[in-house]
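In: below are the sequence and a predicted model for it; my questions follow.
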Amino acid sequence: CIRLLSAYMPPSGMILDAGANDGSSTAMLAREFRRHTVVGVEPTRVNVKRALELTAGLQNAVILRGVLSESSGALSYPLGREFRAGVLSQVTG
């Protein structure tokens, strides 16, 4: 499936993995498209931690903890967690 994307991808650029979960797709995309920056966005700490582990050593992969939304503001997430929509903070190892 990833290889099918190759026909539609420009030679370089940015790929956004919105809802990156554990980062496995972010890592796979970063390995396949080395001339692209792959940005994985994920709201949950446990998944961000795992995504950082899976993308460690991949210079073209960035993991951000946050939520994507069409507008800014606070939103509730399961278990009563809240995130600021529209604002991303970069996670550092």
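Out: Happy to help now that I have it.

In: what ranges does this protein have for its strands?
Out: 13-18, 36-42, 61-65, 73-77, 81-85, 89-90 (DSSP state E).

In: the most centrally placed residue in the chain: what's it in contact with?
Out: The chain has G40 as the residue nearest its centroid, 0.7 Å off, counting by Cα atoms, centre = their mean. G40 sits next to 17, 20, 23, 25-26, 51, 55, 61-64 when contact means Cβ atoms under 8 Å, 6 or more residues apart in numbering. For glycine as for every other residue, the C-beta is placed from the backbone atoms N, C-alpha and C.

In: which of those are buried, as a PyMOL select command?
Out: Of the contacts of G40, the buried ones go into a single PyMOL selection, burial set by 16 or more other Cβ atoms under 10 Å:
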select buried, resi 17+20+23+25+26+51+55+61+62+63+64
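
In: between the contacts of G40, which is closest to E70?
Out: Closest approach to E70 among the contacts of G40 (Cβ to Cβ): L64, at 17.5 Å.

In: may I have the beta-bridge partners of the closest one?
Out: V41, Q90 (DSSP bridges).

In: and the gap between it and A56?
Out: Distance of L64 to A56, computed by Cβ to Cβ, to the nearest Å: 16 Å.

In: one more: G19?
Out: For G19, the distance to A56 equals 20 Å [Cβ to Cβ].

In: before we move on, what about V46?
Out: The gap separating V46 from A56 is 16 Å, by Cβ to Cβ.

In: which of these two has more residues huddled nearby?
Out: A56 (12 against 9; other Cβ atoms under 10 Å).

In: okay, now A18: neighbour count?
Out: When neighbours are counted by other Cβ under 10 Å, A18 registers 11.

In: test my guess that it contacts V41.
Out: Yes - using Cβ atoms under 8 Å, A18 is in contact with V41, at 5.3 Å.

In: intersection of neighbour lists for the two?
Out: L68.

In: any stretches of this protein with poor pLDDT?
Out: The chain contains residues with pLDDT under 70 at 74-93.

In: longest helix in it, by number of residues?
Out: In the chain, assigned by DSSP state H, the helix with the most residues is helix 45-55.
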